[in-house]
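K.L.:
output the structure for:
(one chain, ligands or ions: 1)
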Amino acid sequence: MQPQTQAANPALADVKNILAVASGKGGVGKSTVSSNLALALKKIGQSVGLMDADIYGPSVPLMMGLGSADPQTAQFPLEKYGLKLMSMGFIPDATKGVLLRGPMVAKYVGAFLTQIPWGALDTLVIDMPPGTGDAQLTLCQTANVRGAIIVTTPQDVSLIDAVKALNMFRQLKVPVLGIIENMSYFVGDDGKRYEIFRHGGGKKLAEETGVEFLGEVPIDPRVAECGDAGEPLVHKYPDSPVAKAYLELAEKVLKAAAKLSETSELPAVQL
Ligand SMILES: Nc1ncnc2c1ncn2[C@@H]1O[C@H](COP(=O)(O)OP(=O)(O)OP(=O)(O)O)[C@@H](O)[C@H]1O
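P.N.:
Residues are numbered from 1 along each chain as shown. The predicted model follows:
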């Protein structure tokens, strides 16, 4: 299958930038980063959509405080906090107790990209499923992804999988805009910085792989609290240090996207 141009796909014809947020490893905060980054981009003036491509384990409905919608009456994409949103979790009973084969997952991802009227958007953030498989391939073949953002935590176990994700995008000729290190450190009540999961892994990985280090997001219990309560931290606590970190990330991501780094030309890396 040849990659479609956005113009050839009416659903994405007016979407300027598609950014894929990926991790390789599950549980590093990819969906949290996708949601808060989308809100931070909105805060700095962009019109933004967020597509949850995690068909098996959609997180966006919980994080955005939305349940399933009646497909007969609902207008997809749904809207909340000024974002356009689509997720498998909005479709009633779609994944409950169902074993989905790879081609079905790819079919849903393809449908989200070609049948959901996204309208005019500056940026569509795609929360990629963990791993490197069918869904990721379909996504990069169906949409012109402007760039990928890799989320990692500082530990080796996460960094190794981040390299796999990075290599996958390079093989698919999708430029990697940069690496975000999530859960980098924790600031205690004593004001001291505690590096719970080691120090500087994301930055070192960025240096070794020749991609930009976009920044770090600290651990803050309110991140998880807000995610579970359906109101992401950037919306609920806009003046918090974590929200400020996301605003800086959003600016950097836009600059990197505008610069269109040449990283897709680099060879795959071995670590
Ligand atoms: N910076 C942070 N500080 C505190 N908690 C965080 C932070 N980032 C993420 N979390 C929490 O970590 C958990 C995992 O995050 P999330 O679901 O976003 O990960 P994920 O990589 O998308 O996982 P999966 O791929 O399995 O869906 C969530 O409970 C989330 O609230």
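K.L.:
residue 238 and residue 43 touch, don't they?
P.N.:
Yes: counting by Cβ atoms under 8 Å, residue 238 touches residue 43, with 7.3 Å between them. For the C-beta atoms, the positions are set from N, CA and C on the backbone; glycine is no exception.
K.L.:
who has more neighbours, these two?
P.N.:
residue 43 (17 against 14; other Cβ atoms under 10 Å).
K.L.:
which ones are touching the more buried one?
P.N.:
Taking Cβ atoms under 8 Å, 6 or more residues apart in numbering, we find residue 43 in contact with 234, 238, 247, 250.
K.L.:
roughly how far apart are it and residue 246?
P.N.:
Residue 43 sits at a distance of 9 Å from residue 246 (criterion: Cβ to Cβ, to the nearest Å).
K.L.:
quickly list what's touching both of the two.
P.N.:
Joint contacts of residue 43 and residue 246 (Cβ under 8 Å, 6+ apart) are residue 234.
K.L.:
roughly how far apart are residue 37 and residue 91?
P.N.:
The value you get for residue 37 to residue 91, if Cβ to Cβ is used, is 24 Å.
K.L.:
quick one: which of those two has more around it?
P.N.:
The neighbour comparison of residue 37 against residue 91 (other Cβ under 10 Å) goes to residue 37, with 29 against 16.
K.L.:
and that one, what pLDDT?
P.N.:
If you check residue 37, the pLDDT there is 98.
K.L.:
assign it to helix, strand or coil.
P.N.:
helix (DSSP: H, G, I helix; E, B strand; the rest coil).
K.L.:
roughly how far apart are it and the ligand?
P.N.:
11 Å (Cβ to the nearest ligand atom, to the nearest Å).
K.L.:
my read is that that residue contacts residue 253, right?
P.N.:
Yes: counting by Cβ under 8 Å, residue 37 touches residue 253, with 6.9 Å between them.
K.L.:
between these two, which contacts overlap?
P.N.:
Contacts common to residue 37 and residue 253, judged by Cβ under 8 Å, 6+ apart, are residue 149.
K.L.:
just give me the longest helix of this structure.
P.N.:
helix 241-259 (DSSP state H).
K.L.:
what helices or strands is that one leaning on?
P.N.:
If contacts are counted by 3 or more Cβ pairs under 8 Å, 6 or more residues apart in numbering; DSSP states H and E, helix 241-259 sits against strand 15-22, helix 30-43, strand 147-152, strand 176-187, strand 213-219, helix 233-236.
K.L.:
need the winner for burial among these.
P.N.:
Per residue and on average, the most neighbours among these fall to strand 147-152, with a mean of 29 (mean count of other Cβ atoms under 10 Å).
K.L.:
no further queries at this time; thank you.
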